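K.L.:
structure, please.
(4 chains)
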Protein chains: 4
Amino acid sequence: MSDNTFGKMFRVTTWGESHGPAIGCVIDGCPPGIRLTPEMIQEALDTRKPGTSKFVTQRKEPDKVQILSGVFEDDRTDGPRTTGTPISLMIENVDQRSRDYADIRDKYRPGHADYTYDAKYGVRDYRGGGRSSARETASRVAAGGVASQVLKSLYGETLTIRAGMVQMGPHTIDRQRMDWATVNDNPFWCPDPLAVKDWEAILDSARKNGSSLGAMIEVAASGVPAGLGAPVYGKIDTELGAALLSINAVKGVEIGAGMAAAALTGGDNVDELRAGTGGPKFLSNNAGGVLGGISSGQEIVARFAVKPTSSILTPRKTVTASGQNTEIVTKGRHDPCVGIRAVPVAIAMMACVLADHALRHRGQCG
Amino acid sequence: MSDNTFGKMFRVTTWGESHGPAIGCVIDGCPPGIRLTPEMIQEALDTRKPGTSKFVTQRKEPDKVQILSGVFEDDRTDGPRTTGTPISLMIENVDQRSRDYADIRDKYRPGHADYTYDAKYGVRDYRGGGRSSARETASRVAAGGVASQVLKSLYGETLTIRAGMVQMGPHTIDRQRMDWATVNDNPFWCPDPLAVKDWEAILDSARKNGSSLGAMIEVAASGVPAGLGAPVYGKIDTELGAALLSINAVKGVEIGAGMAAAALTGGDNVDELRAGTGGPKFLSNNAGGVLGGISSGQEIVARFAVKPTSSILTPRKTVTASGQNTEIVTKGRHDPCVGIRAVPVAIAMMACVLADHALRHRGQCG
Amino acid sequence: MSDNTFGKMFRVTTWGESHGPAIGCVIDGCPPGIRLTPEMIQEALDTRKPGTSKFVTQRKEPDKVQILSGVFEDDRTDGPRTTGTPISLMIENVDQRSRDYADIRDKYRPGHADYTYDAKYGVRDYRGGGRSSARETASRVAAGGVASQVLKSLYGETLTIRAGMVQMGPHTIDRQRMDWATVNDNPFWCPDPLAVKDWEAILDSARKNGSSLGAMIEVAASGVPAGLGAPVYGKIDTELGAALLSINAVKGVEIGAGMAAAALTGGDNVDELRAGTGGPKFLSNNAGGVLGGISSGQEIVARFAVKPTSSILTPRKTVTASGQNTEIVTKGRHDPCVGIRAVPVAIAMMACVLADHALRHRGQCG
Amino acid sequence: MSDNTFGKMFRVTTWGESHGPAIGCVIDGCPPGIRLTPEMIQEALDTRKPGTSKFVTQRKEPDKVQILSGVFEDDRTDGPRTTGTPISLMIENVDQRSRDYADIRDKYRPGHADYTYDAKYGVRDYRGGGRSSARETASRVAAGGVASQVLKSLYGETLTIRAGMVQMGPHTIDRQRMDWATVNDNPFWCPDPLAVKDWEAILDSARKNGSSLGAMIEVAASGVPAGLGAPVYGKIDTELGAALLSINAVKGVEIGAGMAAAALTGGDNVDELRAGTGGPKFLSNNAGGVLGGISSGQEIVARFAVKPTSSILTPRKTVTASGQNTEIVTKGRHDPCVGIRAVPVAIAMMACVLADHALRHRGQCG
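P.N.:
I've put the predicted structure just below:
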């Protein structure tokens, strides 16, 4: 059933709960011979690490990744390389702050999966959200670090992935001012440097009020060759969409013109073609780099909406596990804008989807 | 790799091209003992049938479904029932109008998958879009007819699915006037009877101009019990989202509050709970019936954007397969608003996703 | 769950019952650009066709295969080629002799799956065994015909597959006399020409007595390059073994030295290596061409035991569906040695397993 | 592609190499609410532990299993229970004896997967066999410990699994003397107490000579309800056979009468039925408890052949990685009869296959 597995040839299976001893993933199907060190994965993980600014959870997790299998350093070679066998990655949970869980054990937090997990399984690890915690995404980011090396081995530096926050709450960026080179310079991965100042004040205020804000994230990959993807259910945009929708708190996803395409006419929406070198050039990119589920060589562009953190300081109506009306205030270490931490996860998911499709394409089409 | 397969326990594999001898699907994993006649499937198919109004393709296809396997009528029983073995459904292509394909053989139609299929496979069935034709969705609708019977056998008449067009081009409905009982009374499956009149004129004009319009479709299921779905990559909204994204021409999908959730605060977005009979009641449904990927018992609500048909009468710039600049006008039998035909497909996909998750849940959780 | 699907990249899903309107399969993942005509598949099917000698079922089935999708003949090319999309194959059931099924409807035939299908599904298509009929293997042979073309496109004429009956009932061949060139000259596909005469008399006698005989089949592939396969559960011998075990009536399978390896010492069993051109040469082949689940470049050799047909003219004790003791004599068109018809099926399964692993290897390892 | 995954609903993915920091597995799809402690798994692991007699590898591994996820002890309940989320198990490799690997790095050990891994991947972890080491089976045994708890939760103590060695080298047991109660009393898990004495002397001699012996293992499950399994490729005997074939060094597998069925007549082979309570009773069990791939309620019986350990003290001809002729003597900690350690693995694989099919059956058929 593979509910916790993503990908078909580059397969990532994640495991672990927020407050268990560790989290991790197993990657099956990674090609052999790819240089891979813990540092390469750590680099990706460090971008996602909790506690890096006042705008993300203050949980103190070193998030040190260990490679437990699938990589071998022959004493005749220049460093560890993948062997083609399963790569097991593990990240220990360190800061499992001891606290009293009676409140969230007995009450369903609104906006969280507490009630639904109980409805499904009749049992749940209520500590910090258990399996439904955003902590699971650390495993994805680690897997994305491996996927990035796969892509580099296939396409060199041609293929690049970028992501950033393009809307925080109702506040959108000015796309005229967009400069992707600046996303690492601010705590929002926001590509509009002028918006950043306002956002800092706005989010600081939300944080102090115990409120929270939603966000819109954009992720894009350029340098993807034409021809990756598959018809019907294996469409590359279908699988990228699913990958993004599977991130905690995501409520919608769009490709290229996306939702706005509904309002267009065919004449406005169609991307015309002109002769180019190495394939046709497109005069616009409403398609978001995908036609019929297969990459066109244009930039693949997706956006997704992250709902505001449900854990807020305002008391909310809810019920107890035994069915009594009550109220709850979710205290603890929480993000005022959980969308921030979704940015590195989006990069990881894009990398995994592309690596998976690259291998599938090579398998079927040579 | 299962690129043409959807679902994990209720598995639908579709096959066929627009202008081949037939299209169809194989359903593996259907429970045994469910009453199933061709008429039950035909009913679903007839809603999707081409040529039913001037607003959908004038291709004349009877779309008669044949059940080739998986159903058996014991002479002691009251009619044919599924046997638990693969159900093979076939629909013959009848109206494969003979015409000259030289134009679309040699030129890439902008907005279509012509170039990308060639880039991937080096060969393509250019007649009518081949595998990337919306004709493939007839197989989905047939499978949805089977899934509906599965759901009926599990939940009786409690579980219902509805869908309709809530936006055509830039024209949105007035949600105050929504009346789902009226969707079958107009050619758009539009739930706002007052909008229909305007839409008829607008679309007629688009059709006459050889233009086309995008659309937004809403699909919802009520009566879904709490507890269907799974964590992480098997989330019911992830899989429903993927199912909808895999429909031709879909560019975005959202669940519940969807894209609008990005602009909300936590206080506005959270659905509060009150004690109820048979599980808690929610005071709102921004979640769209899903929390942590698992159904909450609320209505599951999704919307998706369908881009305007790319085949329009205005000449568009493109290139030939050999890389020369040229222009193309896509003639032939085409829909001015392909979103119309996505409505029954959306119902089918919702039914398939729910049937699949219902069986998966029964398997894992009893 | 894919109970009716075989393979991971070259995926074959079969459907159909013995007495339904048709049987067939869908092949997903076939590479594009491979020449494929119905005649190429028919050639494989004709070897398996019922009614070709007095030793196989007298059911009269033309077994004409139709290709319903996945193949396209561009008018500029030299014949139909695969497009990379699902290939749907259909074979109509013609000789569904009308007869009285009351006996097998009400009584469980011993040695058949009648009782177990009822125990599982609560319903079964009792006509001719329904889904458990050996008729299903026609779909496999058709798929094998496609797999053979895939292998030819990858390896040319280097890779060859042969199969034959090496034991009928207790009668074994003399391996000193083996001549694979003679297998097509006798109705048993027996590679020992001298054994054939005896076998004809023996089986004729069994046929006339309404008895039946088991058989041992050997299937081998030479010219398989080293490196196909995968560790642990994806071993090429594991998957080949499963493919052969899934054929009707097969009760055991072995690779290389097989069961006899249990009686050997390490010194006797190990295949020593010597330097060779294009990889090492082995001095023996107890391994059957596979080490650690990965092909070694030697001939891949498997054998499997087919039980004697359970439908015999001697009355056997059984029970009715309602639990009463009774007796049954299975009349009808049956094979005195069902192992004969397993020979072309074995070739088909070997071809499918090799094609699947060839594509998987190309995907992961380039 | 899931090369390292076994099962469809109860899915086990193993990872790890012989001389890496750890090995382990992730189990996805385990039902919730099942009592599970490390001790329950440890009990199964201890039966397989290296170093328990002079007849198994002298590697000193405590093989302590850790449960890293998927189990939770609510403070209101009576002990840890599964939550329905992925169960991650890890076993640290402790005794990675430091030694000089230059010999096996540069020479291909005959009978091992050294050459084939190199042929496939171009790189291999040569330390102790890497991924192809029998050490991987510790992860399977741990997973089997979980599967056993699943079976107990479904069927109580009714379902039991037993396994033992029924042949060592050419020495078979006397089935008249078989007493399964004695298998734990001897280092071979041999069910014939009189054979044990001889075997001790024989294997001790083989061990001292640096030779090795093959073995035949029998594994059986009684109390399996009728109706588990599926048609065609999902047959329970096909999947059990694959599970056993995937164990290191296994060269053949058979169900019920197995290979011997080839020599039988239909009259001898068919298991007749008589009316019984709770389903028919069979008068014999040549079928090995499976008809048409579905369990019949009889005991499910399989046997498999394990080749003799290839690592022996006699020098064997081989080639170097660079293609030069040479000889090799495999020193180190090795088993004179590797079949001994396959016994607990066989029990684990049977438990996993049955748990998987039990859940799949419940999913499809309720």
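K.L.:
OK, contacts around A:Val253?
P.N.:
A:241, A:244-245, A:302-305, B:241, B:245, B:252-254 (CB atoms under 8 Å, 6 or more residues apart in numbering or on different chains). Every residue, glycine included, has its C-beta placed from N, CA and C.
K.L.:
quickly find the element holding it.
P.N.:
Here A:Val253 sits within strand A:250-255, counting by DSSP states H and E.
K.L.:
dump the C-alpha coordinates for the very next helix or strand once past that strand into PDB.
P.N.:
Going down the chain from strand A:250-255, the next helix or strand is helix A:266-269, by DSSP H and E. Taking Å, rounded to 0.1, in the frame of the first residue of the first chain, the C-alpha atoms of helix A:266-269 are listed here in PDB:
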ATOM      1  CA  GLY A 266      -7.600  29.700 -25.200                       C
ATOM      2  CA  GLY A 267      -5.900  32.500 -27.000                       C
ATOM      3  CA  ASP A 268      -4.500  34.000 -23.900                       C
ATOM      4  CA  ASN A 269      -3.500  30.800 -22.300                       C
END
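K.L.:
just list what whichever helix or strand comes after helix A:266-269 packs against, helices and strands only.
P.N.:
Counting by DSSP H and E, the next helix or strand C-terminal to helix A:266-269 is strand A:273-274. Packing contacts for strand A:273-274, counted by 3 or more CB pairs under 8 Å, 6 or more residues apart in numbering or on different chains; DSSP states H and E, involve strand A:281-282, strand B:316-319.
K.L.:
of those strands, which is nearest B:Lys60?
P.N.:
strand B:316-319 (27.4 Å; CB to CB).
K.L.:
what's the single longest helix in chain A?
P.N.:
helix A:339-365 (DSSP state H).
K.L.:
show me where the stretch 151-300 of chain A has its strands.
P.N.:
A:160-168, A:171-172, A:215-222, A:250-255, A:273-274, A:281-282, A:290-291, A:294-295, A:300-306 (DSSP state E, counting those that start in this stretch).
K.L.:
of all the helices and strands packed on strand A:273-274, which lies closest to D:Gly227?
P.N.:
strand A:281-282 (56.2 Å).
K.L.:
which one among the contacts of A:Val253 gets closest to chain C?
P.N.:
Using CB to the nearest CB, B:Leu245 is the member of those that sits closest to chain C, with 19.1 Å.
K.L.:
contacts only, for that closest one.
P.N.:
A:235, A:237-238, A:241-242, A:253, A:255, B:253, B:304.
K.L.:
and it, how far from B:Ile294?
P.N.:
20 Å (CB to CB, to the nearest Å).
K.L.:
which parts of the longest helix of chain A count as buried, going by neighbours?
P.N.:
Under the neighbour-count criterion of 16 or more other CB atoms under 10 Å in any protein chain shown, helix A:339-365 has A:339-365 buried.
K.L.:
which residues does the nearest residue to A:Ile236 once chain neighbours are set aside contact?
P.N.:
In space, A:Ile236 comes closest to A:Gly229 once its chain neighbours are excluded; the distance is 3.4 Å by CB to CB, 6 or more residues apart in numbering or on different chains. The neighbourhood of A:Gly229, defined by CB under 8 Å, 6+ apart, consists of A:235-237, A:290, A:292-295, A:357, A:361, B:116, B:120.
K.L.:
which residues touch the lowest-mean-pLDDT helix or strand in chain A?
P.N.:
Here the helix or strand of chain A ranked lowest by mean pLDDT, DSSP states H and E is helix A:102-106, holding a mean of 84. Applying CB under 8 Å, 6+ apart, the set of residues contacting helix A:102-106 from outside is A:114, A:126, A:320-322, A:328, A:330, D:74-76.
K.L.:
buried subset of those residues as a PyMOL selection?
P.N.:
Listed next is the PyMOL selection for buried residues among the contacts of helix A:102-106, using 16+ other CB under 10 Å:
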select buried, (chain A and resi 114+126+320+328+330) or (chain D and resi 74)
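K.L.:
centre of the chain versus stretch A:30-45, how much separation?
P.N.:
Mean-position distance between stretch A:30-45 and its chain equals 18 Å (CA atoms, centre = their mean, to the nearest Å).
K.L.:
buried ones in it?
P.N.:
Residues A:30-34, A:36, A:38, A:40-42, A:44-45 are the ones in stretch A:30-45 that count as buried (16+ other CB under 10 Å).
K.L.:
that stretch close to chain C?
P.N.:
Yes. If you take CB under 8 Å from any CB of the partner chain as the test, stretch A:30-45 does meet chain C, through A:30-32.
K.L.:
just stretch A:134-148 next, same as before
P.N.:
No. Between stretch A:134-148 and chain C, judged by CB under 8 Å from any CB, nothing touches; the nearest distance is 13.9 Å.
K.L.:
is chain B within reach of that stretch?
P.N.:
Yes. With CB under 8 Å from any CB as the criterion, chain B is reached by stretch A:134-148 at A:Glu136.
K.L.:
quick one: mean pLDDT for that stretch?
P.N.:
In this model, stretch A:134-148 has an average pLDDT of 97.
K.L.:
extract the C-alpha trace of that stretch and format it as PDB.
P.N.:
Only the C-alpha atoms of stretch A:134-148 are listed here, as PDB (Å, rounded to 0.1, in the frame of the first residue of the first chain):
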ATOM      1  CA  ALA A 134       5.800  18.500  10.500                       C
ATOM      2  CA  ARG A 135       8.900  16.900  12.000                       C
ATOM      3  CA  GLU A 136       8.400  14.200   9.400                       C
ATOM      4  CA  THR A 137       9.500  16.600   6.800                       C
ATOM      5  CA  ALA A 138      13.100  16.500   8.000                       C
ATOM      6  CA  SER A 139      13.200  13.000   6.500                       C
ATOM      7  CA  ARG A 140      12.000  14.400   3.200                       C
ATOM      8  CA  VAL A 141      14.600  17.100   3.200                       C
ATOM      9  CA  ALA A 142      17.300  14.500   3.900                       C
ATOM     10  CA  ALA A 143      16.000  12.400   1.000                       C
ATOM     11  CA  GLY A 144      15.900  15.500  -1.100                       C
ATOM     12  CA  GLY A 145      19.600  16.000  -0.400                       C
ATOM     13  CA  VAL A 146      20.300  12.600  -1.900                       C
ATOM     14  CA  ALA A 147      18.000  13.300  -4.900                       C
ATOM     15  CA  SER A 148      19.900  16.500  -5.600                       C
END
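K.L.:
so of the contacts of helix A:102-106, which ones are in strands?
P.N.:
Taking DSSP state E as the definition of strands, the contacts of helix A:102-106 contribute A:Ile328.
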